[in-house]
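>>> With the input below, show me the fold.
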Amino acid sequence: MIELAPGLIHVPGYLDADAQAALAAELAEVLREAPAFTPTMPRTGKPFSVRMTNCGPLGWVSDRAGYRYQATHPQTGRPWPAMPAAVLRAWAALAGCPAEPEACLVNLYAPGARMGLHQDRDEAEFAAPVLSLSLGATALFRYGGTARSDPTRSVRLASGDAMVIGGPSRLILHGVDRILSPASDLLSPAPGPLLPDSVPAGGRLNLTLRRVSAIRRA
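Below you'll find the predicted structure:
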């Protein structure tokens, strides 16, 4: 484990090659049951460059009505599929949280996709971390502080890596600058697992697990 900042923990190679392949196969089933969709920005309706779906009791969606969690797919109207067991095991091993996650966002990055700096603050429980798992092409992940004026740094997230965003870092600004091509990915040249057909060649699949509702405390 590498502590990049207080509460921001990078775990390189958390999933080995067999675990990555098994999880990718399970996510292919998730995507068949809950097809990827393109979220849009509130008010403007501008589409994200990242497509997504969800699994678990709740899923995150964004459209003209705003950012929110809901229990059903915005296009099919069906409940989200269950989270894969491997995802729940990763939460139990890395999150340090007594409550289970309620949402698992599945983000599909094409080679040219990116995600601007943002905070994960649509949840009612900030004591629980956000847990990220990466599959496929390496991403250049950027992180800063809680203010836009804070300096930022970047780190490469390779296939199989985990990232815990919690504690003092729970509300930091973070994003993905770009997806690295194999030719430029000198620190992680090994190919990623066979990703579902929904992910373009050379793309990346990222899972982010979140606790949405407040944890009941004695």
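
>>> Surely Ala22 is in contact with Arg89?
No - applying C-beta atoms under 8 Å, one finds Ala22 not in contact with Arg89, separated by 11.5 Å. C-beta here means a position set from N, CA and C on the backbone, and glycine is covered the same way.

>>> higher neighbour count, those two?
Neighbours were counted for Ala22 and for Arg89 using other C-beta atoms under 10 Å; Ala22 has more, 16 against 11.

>>> check contacts around the more buried one.
Ala86 (C-beta atoms under 8 Å, 6 or more residues apart in numbering).

>>> what about it, distance to Ala147?
40 Å (C-beta to C-beta, to the nearest Å).

>>> Could you do Ala113 as well?
In terms of C-beta to C-beta, Ala113 sits 26 Å off from Ala147.

>>> Looking at these two, which is more packed in?
A direct count of neighbours by other C-beta under 10 Å for Ala113 and Ala147 places Ala113 higher, at 19 against 8.

>>> I figured that one hits Asp177, correct?
No - the pair Ala113 / Asp177 is not scored as a contact, 10.7 Å apart, by C-beta under 8 Å.

>>> for Pro196, phi and psi?
The phi and psi torsions at Pro196 (degrees, to the nearest 10) take the values phi -60, psi 160.

>>> Let me fix that, I meant to ask about Thr40.
phi -130, psi 160.

>>> so it touches Pro47, yeah?
Yes - contact criterion C-beta under 8 Å: Thr40 and Pro47 qualify, at 5.2 Å.

>>> Compare neighbour counts for these two and give me the winner.
Per other C-beta under 10 Å, whichever of Thr40 and Pro47 has more neighbours is Thr40, with 15 against 12.

>>> where does the residue lying closest to Val155 once chain neighbours are set aside land in three-state SS?
Counting by C-beta to C-beta, 6 or more residues apart in numbering, Val155 lies nearest to Phe141, which is 5.4 Å off, once chain neighbours are set aside. Look at Phe141: counting by DSSP: H, G, I helix; E, B strand; the rest coil, its state is strand.

>>> residues in contact with Phe141?
Ser154, Val155, Arg156, Leu157, Met163, His174, Gly175, Val176, Asp177.

>>> among the residues you listed, which ones are buried?
In those, burial by neighbour count holds for Val155, Arg156, Leu157, Met163, His174, Gly175, Val176, counting by 16 or more other C-beta atoms under 10 Å.

>>> Next secondary structure after the longest helix seen in the chain?
Using DSSP state H, we find that the single longest helix of the chain is helix 17-33. Counting by DSSP states H and E, the element after helix 17-33 in chain order, helix or strand, is strand 51-55.
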